[in-house]
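Colleague: have a look at this fold, sequence not included:
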């Protein structure tokens, strides 16, 4: 199992599409800002997520960006703590939480991922 770390960000114009993108992202990663998520995904899971997002967004007005990044345990956070859904993402224990998040996703699509260094939809 080869997990790779990613930052996912998005700007979605429609509330219904926004809700769907939010659901996909929050099922796969840790929310570190309102529209920014940290993900640790295997290539197959990454391809499944990209396929799901492609079906949801309107490419004329929405954007989703995916950037390779360091592991969350290597991140540096400055300033006040921030929490979402009772999870303090900027406090001790983030590393332990992040290790299990990628395994909780339930998107069931079948595509293989190519080598993606930065992905723009």
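Modeller: Nice, I can see it. Here the structure is a predicted model, which means the values were calculated and not measured. Numbering: from 1, shown residues only.
Colleague: scan the protein for its longest strand.
Modeller: Longest strand of the chain, by residue count under DSSP state E: strand 4-11.
Colleague: mind checking the SS state of residue 65?
Modeller: Look at residue 65: counting by DSSP: H, G, I helix; E, B strand; the rest coil, its state is strand.
Colleague: so what's it closest to, chain neighbours aside?
Modeller: Nearest residue to residue 65, sequence neighbours excluded (CB to CB, 6 or more residues apart in numbering): residue 9, at 5.0 Å. (Glycine included, C-beta is placed from N, CA and C.)
Colleague: what pairs with the longest strand of the chain, parallel or antiparallel?
Modeller: strand 36-41 (antiparallel), strand 63-68 (antiparallel) (DSSP bridges).
Colleague: tell me how far residue 10 lies from residue 27.
Modeller: 14 Å (CB to CB, to the nearest Å).
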